[in-house]
Structures are given as structure tokens and as C-alpha cells.
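Participant: Got a predicted model here, sequence first, then my questions.
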Amino acid sequence: MTMNELRYQVDLLTAKNQKLSVQEKMYRLVCETSYNAFLYYSFEKSEIRLLGKWDSFFNFRIRDWKDLGRLYEMVDEPYVDPLREVLFLEKKQRQDAVTECMLRDRRAWLEFRARVYYDKDGIPQDKIICISDITKFKQQNEELTYMAYYDSLTGLFNRNYFVRLLSEYVRRAQEEREIVSVLLIDIDDFRKVNDGLGIIVGDELVQQVGSFLKEMSCEDIIVCHLNSDIYCMAIYNPTGQKTVNGVHERIQERMRRPFLLSGGQEINITVSIGVAEYPESASNALELIGCAEIVMYKSKDMGKNTIQYFDTPILNEFLQNVQIENQLKDAVHSRSFELYYQPQYYAGNRQLRGMEALIRWRDGSGRMVSPAVFIPIAEQNGAIVSIGRWVMEEGIRQFAKWRHMQEESLVLSINVSAIQYMKDGFVDELMQLLSTYQVHPQEVELEITESVLIEDFDKVTAKLRALRGFGIRVSLDDFGTGFSSLSYLKKLPIDTLKVDKSFIDTVLSDSATRVITESIISMVRTLGLETIAEGVEQEQQYKYLHAIGCDVIQGYYFGRPLPVQEMEALLEKMA
Ligand code: C2E
Ligand code: MG
Ligand code: MG
């Protein structure tokens, strides 16, 4: 080699070295500014190098694969094997592998990410393992997971996650031919707590009931906070202590003691529970919850603090009510209502006093639906307002045609629902109808029920006085079925009291009923009110009622409710 050639080679090498050290510096900088620790291994040289933040991660160094034991010691037991797999990924001829490990002291999470570079014959050449601290990321993730699965108020599962778990129960139950019970639990009169003591107290109560229910959760029992004051529980394969009965007993036992709130209040509550079961009631999670909900409301209707099981008659009743509700919406427009009239007679001279208008409805399929069934539904969905308006107008219009057929003046009784009665403008509307059809206010009697009295008492009585000021009569219907008390009758400005059919039914056979009926009638008479007995079916009943001083008799014995033509025929015959 000539001198020139030699110099050329040296220059070339220096240049290469310079380039290399620039690169090396660059890599070192990258490693050092990264937040990660790196472990590099060269298979060819069997050499390990530690780079990056190794020393801030670990208080030991690794020179040899034997030292890896130190890493395994650091991580929590369940993560040791997965970590080993990642660190020796070339044994499985893999190129990349990753695992997350929690440290034994549970204070941090580390991620180990490994990559092996192979030559063209598949022989491993280099391995790099990157270790990062993912604790923060994990915590955020946990919070998100918590929000996705749990209800923040009670710490119980939230609705969505509960539905997923319940679906899993149902899937398993199908495989294992087991049963899943679903309980919908609702705090009775929760609104009173919320309205009376405020939503903060309401929330605390919901929390406390939630943590009580949570105590029952285990592998086969899951509980969620569905919303507001409603919880849902599912029991997989209910047996032993873990049955609906067992749970119900525990709940009842707890409800006997008050809940103590942080503000010092002691609240006594009861709950209503609806129960549905897979496979009997429904075949999937949402349907099960729906069925349990239907019967939970049923148990509310039955006076709360009860448990109600889903069965076919209840489902049918529910479906029927839904159907009725849908059809009721346009029943007024489609003229599918009709009024029947039931005659009322004076007990003494058997003369006609007047008639009660009773609504009749044929639903879409032409079936007669009892007002006892559809009126409560119409009251719930508001249809009662337009139905009630129609009844008033139709009744008064018809009555105007009849009132001249008799010498004595007659009374038309119209049933008025509480909602209709409480509406502003009710009195004006009625007065308007009377003047349109030229009917005297004294000829009309409104039948209200005790349910009206749940509303603001002063407002109710003020309206009664206004009505009576115009001369309109008012009677209290179904007396004896509600929270009736003779003492408040004194405060009610009414004209007539209708003793409910349930008294008349047993008045002859049951001496207690007899005593009550007699005292009602004598008390009412001393108040100067008129009494009407409803549902009188037998001569004996009539005679007895007459004897004890009942003024008016209404019932099948004297006459059933009649369609217009028949009522008209009756009036003609009497004239
Ligand atoms: P109510 O006002 O107490 O009417 C008396 C009910 O007893 C009527 O039932 C009548 O047909 C029935 N009844 C009368 N005498 C006898 C009897 O001797 N034996 C038997 N077994 N039953 C008798 P209906 O017509 O089915 O009405 C049921 C309830 O529906 C009514 O009870 C009333 O609360 C309500 N209702 C009826 N029409 C209207 C209406 O136009 N508006 C409102 N808001 N409610 C109405
Ligand atoms: Mg009535
Ligand atoms: Mg009645």
C-alpha cells in the first residue's frame, strides 16, 4: 500500500468514526430524554446493556440473564409468568410482545415491551426491551372503567353494566338450566322525602339503601341502582339463603329500623318489590327488568310495602291496559262512548227521583270495557278531562229533552273525577252548559269521590261552595270505601251521601255492617244530608234500608242502567 493509499484509508476510517459517534450521541440523547428504561441484548456477543432511565426505575443493574430474577421479584405474583414470556419472546420465535405488570408493593404499574430482530435464517440477533411506567394511564383508565360500570351516587353497578351482567346470567342459566330471579326494588313515597327534606337528604337515603343492598351482593347476586329511588337485583340459581324470600326477609328486617342521616334525621321507609324470573317470565335481561317493573307498580297499587310476583294474568292485565290507554286517546273523537242512565227512586213513595249518568265504552274491537277499568287509566293519562267534558255535555243535552216529560222535577247525577273537578274553569264550563241547554242548576247533581279530598282541602271546599252557591247539588259517592270518617263530613258542604254498594251487599248478613250502616245514616240525617243507597238488588235490602231511614234507593232491584231509548220509554210510561 502506498503512503497515499494509507492516508486515504485513515481519512475514510476517521470519517466513518465521526459519523458513528454522532449517531451514538444521538441515540444516547434519545434514550436519556425518553421516560423509559431500555434493556438491550446482543445474541451474538451475549452482552446486555442498560439504557435510558434504568437507574430511576430500578435500584439494581442487570449484567447477566441470571440477574433477571431481580425483575421477577419486583412484580406481583400473577404477573411473573407473563413477564417471563415477554422477556424470552425469541423462544416462541415471536418478534414483538408486551405485558403490563403491577409491582409487588402495588404502588405502580410497569409495561414491558420487547422486540427481537432475526437474521434472514431466523436466528435472533438483537433484543430490545422497553420498560415504561404506566401507573397514571392505568389510574385514568380505572376511573373511566368505574364510570362505565358503576353508579357514582351509590357505588352499585350502573344500569348498563347490570344489563350486561344480567344477560350473562341469563346465558349461563340457559346452558345450565338454572333460574335467574330479578327484583325491582322501589322506595315507597320517596317523593315525600325529596320534597319534604330536599334532594340532598333524598340522595343520602338512596345511598344508604344502596349500601345496605350492596351487602347482599356476592358471586350469585348482583345489585344495581337503576335510577332515582329504584334498584334492581338479580339472583343466579336462587337456593338456600339466596332466594327471593331470603332477600325479602333481610330487606324487611332492615326496614323495621330507621335510616339515620348525617343531618340527624331518622327516616322510616318501606319498599315495594316486583319480581320476575327467567325463564318463566321472560327470556332476556331487558324483558325481565320490564316484567319486574310492571309488577313493582302493581305492588304500589296494592298499597305499597309489598312484594308482587310476575304471572300471566298480570301480564295480560298490563297489556290490556296499554291497549286501552292507546285507544282511549281518540275515543272521544271517534264517538265510541255512550251514556247509560240508572234510575233512582225515593224509598218512601217509590217515585222517580232522577237518574245517574254512567258512561259506557266499546273499544276498537267492539268489546264493552267497564268504566271501573278505563276511568282510572283515563285519569292517569289525562284523557279523563275530555271524557268528563263529553259526559257533562251529553248528559245535560239529553236531560234537557227529558225534563218536561215528568211533572215532578228530576235530578241528573253526573260522576266527576277529581282531576276534572280540580281543573280551573270547571265551574264556568258547567254553568255555560246549563245555560246553553236551559237546565236549572238545581236539577244537576255532581258525584265526587273522596279522592278529591286528597287535594288541598280549602281549595276543594271553596269550589264546592261556589257550585252550591249556584244551586248545583253535590253528592259524595262511594262513601265508606276510602279514608272516610264521619267527622269530616261536617266540614264538607255537600247535599247527599251515597252509601257504597259494599255495605249494602252485606248489610243483611253481617251485624257489624248493619251497625255501621245504621249509624252512618242516622248521623247523616242529623247533618241534614240526603242518603242514597247504591247497589240495592233485593227487596229485603230495600225494605231494611227504608226502615232505617235511607232516603233514596238505586240498584238493580229498581232498575239497571239503561240506554237512552229504554230510559226514555221508562219516562214515557210514568208520565
Ligand atoms: P259509581 O258511580 O259508584 O256507579 C255505580 C256503579 O254500580 C255502576 O257501575 C252501576 O252500574 C253499578 N250498579 C248499580 N246498581 C247495581 C246493583 O244493584 N248491582 C251491581 N252489581 N252493580 C250496580 P258502572 O256503570 O260500571 O260504573 C262504575 C264506576 O265507574 C262508577 O261507580 C263511577 O265511579 C265510574 N263512572 C261511571 N261513569 C262515569 C263517568 O261518566 N265519569 C266518571 N268520572 N266516572 C264514571
Ligand atoms: Mg256514581
Ligand atoms: Mg258509587
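Facilitator: Received, thanks. Ligands and ions are numbered 1, 2, ... in the order given.
Participant: Alongside ligand 3, which residues does the chain contribute?
Facilitator: 477, 478, 534 (CB under 5 Å from the ion). To be clear about C-beta, it is placed using only N, CA and C from the backbone, and glycine gets the same treatment.
Participant: any idea which of these has the most stuff around it?
Facilitator: Most neighbours among these, by other CB atoms under 10 Å: residue 477, with 24 neighbours.
Participant: Tell me the secondary structure of that one, please.
Facilitator: Judged by DSSP: H, G, I helix; E, B strand; the rest coil, the three-state class of residue 477 is strand.
Participant: surely it meets residue 449?
Facilitator: Yes. Using CB atoms under 8 Å, residue 477 is in contact with residue 449, at 5.0 Å.
Participant: Against ligand 1, which of the residues of the chain next to ligand 3 make the cut? List them.
Facilitator: Among those, the ones lying near ligand 1 by CB under 6 Å from any ligand atom are 477, 478, 534.
Participant: any chance of those in JSON lines, with distance to residue 513 and pLDDT too?
Facilitator: Formatted as JSON lines, these follow (distance: CB to CB, whole Å; pLDDT from 0 to 100):
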{"residue": "477", "distance to residue 513": "19", "pLDDT": "93"}
{"residue": "478", "distance to residue 513": "15", "pLDDT": "89"}
{"residue": "534", "distance to residue 513": "14", "pLDDT": "96"}
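Participant: Present the residues you listed as CSV; the columns should include distance to residue 435.
Facilitator: Output for those, formatted as CSV (distance: CB to CB, whole Å):
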residue, distance to residue 435
477, 26
478, 30
534, 31
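Participant: What is the nearest of those residues to residue 542?
Facilitator: residue 534 (12.3 Å; CB to CB).
Participant: Could you pull up the contacting residues of residue 212?
Facilitator: By CB atoms under 8 Å, 6 or more residues apart in numbering, the residues touching residue 212 are residue 254.
Participant: Now with 10 Å, please.
Facilitator: 223, 231, 250, 251, 254, 255, 259 (CB atoms under 10 Å, 6 or more residues apart in numbering).
Participant: before we move on, what about residue 197?
Facilitator: Residue 197 makes contacts with 204, 205, 261, 263, 265, 267, as judged by CB under 10 Å, 6+ apart.
Participant: Could you report the neighbour count for the residue lying closest to residue 108 once chain neighbours are set aside?
Facilitator: Leaving aside its sequence neighbours, residue 108 sits nearest to residue 135 (CB to CB, 6 or more residues apart in numbering; 4.5 Å). Neighbour count of residue 135, defined by other CB under 10 Å: 15.
Participant: For the remainder of this discussion, apply numbering that starts at 43.
Facilitator: Let's use 43 as the start, then, which means that last one is residue 177.
Participant: Please enumerate residues in contact with stretch 335-348?
Facilitator: By CB under 10 Å, 6+ apart, the residues outside stretch 335-348 that reach it are 224-231, 268, 272, 274, 290, 294, 297, 311-318, 323, 349-353, 356-357, 359-361, 363-364, 418.
Participant: hmm, try it at 7 Å
Facilitator: 226, 228, 230, 312, 314-318, 349-352, 356, 360 (CB atoms under 7 Å, 6 or more residues apart in numbering).
Participant: likewise stretch 474-487?
Facilitator: 434-435, 438-439, 441-442, 445, 451-456, 512-517, 538.
Participant: In that stretch, which residues are buried?
Facilitator: For stretch 474-487, the neighbour count (16 or more other CB atoms under 10 Å) marks 475, 476, 479, 481, 483, 485, 486, 487 as buried.
Participant: Assign a three-state SS to the first one, would you?
Facilitator: Going back to what we said before, that points to residue 475. Note that with three-state DSSP, the state of residue 475 is helix.
Participant: I'd like the distance from it to ligand 2, if you could.
Facilitator: Using CB to the ion, to the nearest Å, we find residue 475 at a distance of 19 Å from ligand 2.
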